[in-house]
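Dropping a prediction and its sequence here:
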Amino acid sequence: MKYTHNLYLYLLVILLVAPHLTTVFSWKKDEFRNCNQTPFCKRARSRKPMSCNLIATHVEVSDGDLKAFLVPKNQENQEEDQENQEKGEIHSKALILSLSVYSDGILRLKIDEDPSLDPPKKRFEVPDVIESGFLEKKLWLESVENKGGLNVVYLNGEYEAVLRSDPFEVLVRGKDGKSVMSLNSHGLFDFEQLRVKKEGEDWEERWKGHTDRRPYGPQSISFDVSFYDVSFVYGIPEHATSLALKPTRGPGVDDSEPYRLFNLDVFEYLHESPFGLYGSIPFMLGHGKSRGTSGFFWLNAAEMQIDVLKDGWDAESSITLPSGQSRIDTFWMSEAGVVDAFFFVGPGPKDVIRQYTSVTGTSALPQLFATAYHQCRWNYRDEEDVQNVDSKFDEHDIPYDVLWLDIEHTDGKKYFTWDRALFPNPEDMQKKLAAKGRKMVTIVDPHIKRDNSYHIHKEATEKGYYVKDANGNDYDGWCWPGSSSYIDMVNPEIRSWWGEKFSYQEYVGSTPSLYIWNDMNEPSVFNGPEISMPRDALHYGNVEHRELHNAYGYYFHMATAGGLVKRESGNDRPFVLSRAFFPGTQKYGAVWTGDNTAEWEQLRVSVPMVLTLGLTGLAFSGADVGGFFGNPEPELLLRWYQVGAYYPFFRGHAHHDTKRREPWLFGERKTELIREAIHIRYMLLPYFYTLFREANVSGTPVVRPLWMEFPSDEGTFGTDEAFMVGNSILVQGIYTEGAKQVSVYLPGEQSWYDMRTGTAYTGGVTHKLDVSEEAIPAFQRAGTIIPRKDRFRRSSKQMENDPYTLVIALNSSREAEGELYVDDGKSFAFQQGSYIHRRFVFSNGKLTSINLAPAATGKSQFVTDCTVERIILLGHSPAHKGALVEPSNQKADVEDGPLMLRPGRTPAVPTIRKPGVRITDDWTIRIL
């Protein structure tokens, strides 16, 4: 009966929203707006260079900032002629500009309407994104230097910010006078001010039967930003396209669309498209050989469209910009909000990432289990199915850490509930997994079923916690449960209330090993405009949805993560996966690239998508291995596992209409190879966890474009099929069916060692390599040391006390170094110094372990008895037969041993066996 009832409700939803639901099951271009169908974008694109006539007046230093009015040039003349006019008349169109300087060479630009002129409402400024610690790094300006209409303030010893008065322009330049970035150099700045509607004006916008009332009229903002001495620009996810952003306007690309930033539920999205997907991060980086890296970030949650302008786009204008510097021009357009922009001077790529994440926050350090392999499907049917999948992993000797349940596990799509016919004993089910060190994840989406018997709905209704429609009533849209309302997560009080729902008393059937998945949080509304919420819906503080749309999922993610922290009284790091994202999302958990398809091109584009997420702060990301939609051929699935094993977030997932695709269902040989791919991930977990800690401290992503590690090597700038994992591993995916060979560019002057064979390859050369189905090319960089754990277990938890292997790849100077970070893998104790952080340095025939952690005592001290079991020496002469361990003065053997502990043949390489040293201690091992 339960199945029949659910089927009836499902069919009813389809009948009621059929005109809109077609997009839910496949990509339908016509269901989404392009620039010409989006009035603010069309207006902005129609403007010509130097159409802005604003000038900066009344420039002064106040409250530590450089402040000015922006007024039309003819209005400034009016002020000179009519000094007796009141300020309100003179500055009837004035904007307020402020420039703030922060440590580490960061410039912040804010432009807003003048509140003293009583605009119809306060424009929305995105709250709860900027780190409070960043605001404390403000450098208070005391004076401004005026140089012939140029108002100059100093960022640091190398850079200065310039506000040009006439015409208005903001410029960041070096002390050598060379420009780094500029805003409004092409005079495209425009700021549509809020106003009161006059009789007869029609501000409404209509789309596919939906009407947007736009009660405050057009309120868009647009401006040009130029990056100087760069070869490419990167960033502004999420788009399924190349890592280096391609031009969208200019000679030969006039019909192209801008890169859209508008969080949408896009099923079976297309590759090589500028169309916006599930998340939006308006942060762009420019990079070139001569100058390095720079970055620009606009904190704005409204829809945004961004053009990358091809050389010659402004050929018809009379603009003359500084000669002797190459540049890439971009054009930024937003429907609403304010200008709250940040300029990052770098000069290196890691410097820019550090500067950006100092504003928005670094990645949360995940629990160790979350960095391992996850198994998911829409849906594992019942407890018996869960138990069977779990036991099959053990039967086939394939490790995994997390099993996921999609929406069908609930009682009628009511979140925080269980379908007790299918999952009668959820707590026991979770405890059985936990006994093997495994976890479970369930899905919790933002749409709440409008059912008066559902306690969440009843309470949210009574408290007024739902988003309102334009008339002030609880917004009612359609999603998986049918008629649904949406929690208004912008309100901190409501976020706190939501967090309480994850307690064991509220979420009956949950246990400490249960974590959460936030899907559909763009938000997705099946019968809404563009499958989302109407832009004139109302949030807390009378904020229109148009103003905060791209941040809605961010607040939902924040509230969920906060709930899991609260559930464990602040002792347990949360794990929450979110589909929608925004700047700052990295502080609350992982993201993935959404509903991809089982196609070779989708495998290929997953790499630049994940790299771009890392560049923009989201270090913990991945793509659905195998493709969410469709049935991958065994070869494609295998290649996807081989690439996916190096994604920061490693999960297999599939749609309920696809064939089952657990790793053992494709024949014995494919099972063996998929097992090996997953084993590689588990072997490298110590290295990955160390990289996640680096991301947590500095913002540096786990997986990186080659140019991040080789910023002067122009051969890396356009590469996005190969990528770096940390600074030590280069991975080249295989993205074509039946590939027998692949070309791999290995940058730098040092050698690279094949991670499977130990073979050395020359750096700075493109190598044409034979490939087989056994593996994809992966290389360890000479001069690095990688920590591994080589014993295969069922889960990462069971590897906890296993010994380590150190793989030393010697460079031409016979030197190498690397790091290892270890903590309890689950709690926040690391924030009090409870961790181990070692640097390993090999030089002059001696390996030294150096402590990098602060001194810790008592409860804050992390203790482990783990030892180093093997030390592999790549590039080392096999002539040496012994080593001396100090300070214990013990000898250890140096002999040929296997490079990898796996079935079958594996190359023998010089290995120090059982040196008997603990990872917690200082020690030295000298080769004799």
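Arrived safely.

Tally up the residues packed near the nearest residue to residue 790 once chain neighbours are set aside, please.
Counting by C-beta to C-beta, 6 or more residues apart in numbering, the nearest residue to residue 790 once its immediate chain neighbours are dropped is residue 901, at 4.4 Å. In this view, the C-beta of every residue, glycine as well, is placed from N, C-alpha and C. Counted with other C-beta atoms under 10 Å, residues neighbouring residue 901 total 15.

Checking residue 901 next. Helix, strand or coil?
Following DSSP: H, G, I helix; E, B strand; the rest coil, the label given to residue 901 is coil.

What of residue 359?
Applying three-state DSSP: residue 359 is helix.

pLDDT score assigned to it?
Per-residue pLDDT puts residue 359 at 98.

what's stretch 841-859 in contact with?
Stretch 841-859 has contacts (C-beta atoms under 8 Å, 6 or more residues apart in numbering) with 785, 806, 808, 810, 814-817, 819, 832-840, 862, 871, 917, 919, 921-927.

filter those residues to the buried ones?
Those of the contacts of stretch 841-859 that meet the buried threshold are 785, 806, 808, 810, 816-817, 819, 833-838, 840, 862, 871, 917, 919, 923, 925, 927, by 16 or more other C-beta atoms under 10 Å.

Go through those residues and flag which are in strands.
Within the buried ones among the contacts of stretch 841-859, residues falling in strands by DSSP state E are 785, 806, 808, 816-817, 819, 836-838, 840, 871, 917, 923, 925, 927.

Skip the chain neighbours and tell me the closest residue to the residue nearest the centre of the chain.
Central residue of the chain (C-alpha atoms, centre = their mean): residue 618, 2.5 Å from the mean position. The spatial neighbour of residue 618 that comes closest, neighbours along the chain excluded (C-beta to C-beta, 6+ apart), is residue 586 at 5.0 Å.

Please apply the same query to residue 479.
Spatially, and ignoring its direct neighbours in sequence, residue 479 is nearest to residue 447 (3.9 Å; C-beta to C-beta, 6+ apart).

show me the contacts for the one you found.
Residue 447 touches 477, 479, 480, 481, 484, 485, 486, 520, 523, 524, 525, counting by C-beta under 8 Å, 6+ apart.

would you list those residues in a markdown table and tack on pLDDT, neighbour count and distance to residue 714?
Compiled in a markdown table, the contacts of residue 447 are given as follows (pLDDT from 0 to 100; neighbours: other C-beta atoms under 10 Å; distance: C-beta to C-beta, whole Å):
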| residue | pLDDT | neighbour count | distance to residue 714 |
| --- | --- | --- | --- |
| 477 | 98 | 24 | 49 |
| 479 | 98 | 28 | 48 |
| 480 | 97 | 24 | 49 |
| 481 | 97 | 23 | 53 |
| 484 | 98 | 25 | 51 |
| 485 | 98 | 24 | 53 |
| 486 | 98 | 30 | 48 |
| 520 | 98 | 23 | 42 |
| 523 | 98 | 30 | 43 |
| 524 | 98 | 29 | 42 |
| 525 | 98 | 25 | 46 |
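
Please name the strands paired to the helix or strand harbouring residue 329 in the sheet, noting orientation.
Here residue 329 sits within strand 327-334, counting by DSSP states H and E. Partners of strand 327-334 in the sheet, by DSSP bridges, are strand 221-228 (antiparallel), strand 304-309 (antiparallel).

Residue 235: which of these is closest?
strand 304-309 (9.6 Å; C-beta to C-beta).

Distance from the closest one to the middle of the chain?
Chain-centre distance of strand 304-309: 20 Å, with C-alpha atoms, centre = their mean, to the nearest Å.

Outside of that strand itself, which residues are in contact with it?
Against strand 304-309 from outside (C-beta under 8 Å, 6+ apart): 35, 38, 41, 44-45, 233, 236, 245-250, 258-262, 280, 282, 284, 298, 328-335, 550.

all helices of the stretch 451-600 of the chain, in order?
For the stretch 451-600 of the chain, the helices defined by DSSP state H, counting those that start in this stretch cover 455-463, 492-500, 545-548, 552-567, 600-615.

Distance to residue 800, mean pLDDT and mean neighbour count added to those, as TSV?
Shown next, in TSV, are these (distance: least, C-beta to C-beta, whole Å; pLDDT from 0 to 100; neighbours: other C-beta atoms under 10 Å):
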stretch	distance to residue 800	mean pLDDT	mean neighbour count
helix 455-463	37	98	15
helix 492-500	30	98	17
helix 545-548	43	98	26
helix 552-567	22	98	25
helix 600-615	27	98	25
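
would a markdown table of the ones you listed with distance to residue 529 be doable?
As requested, those are exported to a markdown table (distance: least, C-beta to C-beta, whole Å):
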| stretch | distance to residue 529 |
| --- | --- |
| helix 455-463 | 23 |
| helix 492-500 | 24 |
| helix 545-548 | 10 |
| helix 552-567 | 15 |
| helix 600-615 | 26 |
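
Minimum distance to residue 315: which of these has it?
Across the helices of the stretch 451-600 of the chain, the minimum distance to residue 315, taken as C-beta to C-beta, is reached by helix 600-615, at 30.0 Å.

what sits up against that closest one?
Against helix 600-615 from outside (C-beta under 8 Å, 6+ apart): 234-235, 237-243, 271-272, 285, 353, 591, 593, 596, 621-623, 627, 636, 639-640, 643, 647-648, 701-705, 708, 720-721, 723, 733, 735-737.

Could you list which of those residues belong to helices?
353, 636, 639, 640, 643, 708 (DSSP state H).

follow-up on the earlier one: could the strands paired with strand 327-334 go into CSV alongside mean neighbour count, mean pLDDT and distance to residue 130?
Listed next are the strands paired with strand 327-334 as CSV, based on neighbours: other C-beta atoms under 10 Å; pLDDT from 0 to 100; distance: least, C-beta to C-beta, whole Å:
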stretch, mean neighbour count, mean pLDDT, distance to residue 130
strand 221-228, 25, 98, 19
strand 304-309, 25, 98, 18
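
would you turn the ones you listed into TSV with distance to residue 794?
Listed next are these as TSV, based on distance: least, C-beta to C-beta, whole Å:
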stretch	distance to residue 794
strand 221-228	49
strand 304-309	46
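
Can you give me the neighbour number for the nearest residue to residue 747 once chain neighbours are set aside?
In this structure, residue 747 finds its nearest non-sequential neighbour in residue 710, 4.2 Å apart by C-beta to C-beta, 6+ apart. Neighbour count for residue 710, taken as other C-beta under 10 Å: 20.

hang on, residue 710 packs against residue 719?
No. Applying C-beta atoms under 8 Å, one finds residue 710 not in contact with residue 719, separated by 9.8 Å.

Tell me who's in contact with residue 744.
Shown in contact with residue 744 (C-beta under 8 Å, 6+ apart): 722, 730, 732, 766, 767, 769, 777, 779.

helices and strands of this structure: which one bottoms out on pLDDT?
helix 87-90 (a mean of 39; mean pLDDT, DSSP states H and E).

Residues in a beta bridge with the residue nearest to residue 479, which ones?
With DSSP bridges as the criterion, residue 447 is bridged to residue 486.

what about this structure, any weak spots by pLDDT?
Residue ranges of the chain with pLDDT under 70: 1-27, 76-92, 316-323, 857-859, 903-904.
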